[in-house]
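>>> quick one: sequence and predicted model below, then my questions.
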Amino acid sequence: MSHSPRDPESSERVAQDAVERVVRNTEIDQRWADWLAPTRRGILRGAGVAAAGLAFGGLGAEASDGLDSGFTPIVPPKDQGVSPWGLDTAKEPTPRPKSLWPGHPDRLPEKPRPYTDIKSYHAHFYFDEDSYEKAALLRKWSAERFPVELGNWNLEPRGPHVTPSFYFGFTNDLLPIIVPWLQLNSLGLTILLHPNTDDPRADHLYYTLWVNRSQPVNAYGMKRAGTPDAPVIEKILPNIKPTVKLEV
Ligand code: ZN
């Protein structure tokens, strides 16, 4: 059903509908405000379960919708004892945590790190049971258009990635195309872009770019660069041949 703006009768009806919606929402807002008002919560806490029934009953028939007569609200228990935590805080020295930044735990770096340390990039796409179809579409679109190293579907957390994901790796020359392309085609997914240097731990924790929001990355357990058994630099070996001309 559509209303023509030239039809005065239906325009009036639309306006009337809008007014009724606003009024109805106002009533609901007021009901919640009444339920949650500090004065009403004071009645609950002060007089216990018996008075709580009165507090809800006092709002009238409409306000008690959905509450059966045997309803017993949760009443928080009285405080007991003293928390054992933080008792000595006043005696402890002010903490100065070590910097987690790679390479210079105790001071600022003396000079910038050369950008040419970046040998390639990874894009990790995160999804869940509500967004997997978007991930599948974006994976298909990407593989049709870019010569990337396409990884498998990971339906469980894998490595530092804490939710289902897939990734593709790409060479540095594609960065100025893939970043704007993902900005416009993310479909709202959370996407982590990280460089591949000789420090994979830092690549995942400190050198990141995110499309949309970020999410936790559990890479703190990865070995730091320069320590024994540290992971080696990740190489990109493209395994996809594009079949679709990139839209410009
Ligand atoms: Zn990666």
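In hand now; what should we look at?
>>> work out for me the element Thr26 sits within.
Element membership for Thr26, per DSSP states H and E: helix 8-36.
>>> can you check Asp203 too?
Asp203 belongs to helix 200-205 when assigned by DSSP H and E.
>>> ok, then the element right after that helix?
Beyond helix 200-205 in the direction of the C-terminus, DSSP H and E gives the next helix or strand as strand 209-211.
>>> which elements pack onto that next one?
If contacts are counted by 3 or more Cβ pairs under 8 Å, 6 or more residues apart in numbering; DSSP states H and E, strand 209-211 sits against helix 175-185, strand 190-196. For glycine as for every other residue, the C-beta is placed from the backbone atoms N, C-alpha and C.
>>> can I get the shortest one in PDB, CA atoms only?
Output for strand 190-196, consisting of C-alpha atoms alone and laid out as PDB, is shown next (Å, rounded to 0.1, in the frame of the first residue of the first chain):
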ATOM      1  CA  THR A 190      35.400  -7.300  10.700                       C
ATOM      2  CA  ILE A 191      38.700  -7.500   8.700                       C
ATOM      3  CA  LEU A 192      42.200  -7.500  10.000                       C
ATOM      4  CA  LEU A 193      45.000  -6.500   7.600                       C
ATOM      5  CA  HIS A 194      48.500  -7.100   8.900                       C
ATOM      6  CA  PRO A 195      51.900  -6.800   7.200                       C
ATOM      7  CA  ASN A 196      54.400  -9.700   7.200                       C
END
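>>> heads up, I number from 57, so please use that
Got it, the first residue is 57 from now on, which makes the last one we talked about strand 246-252.
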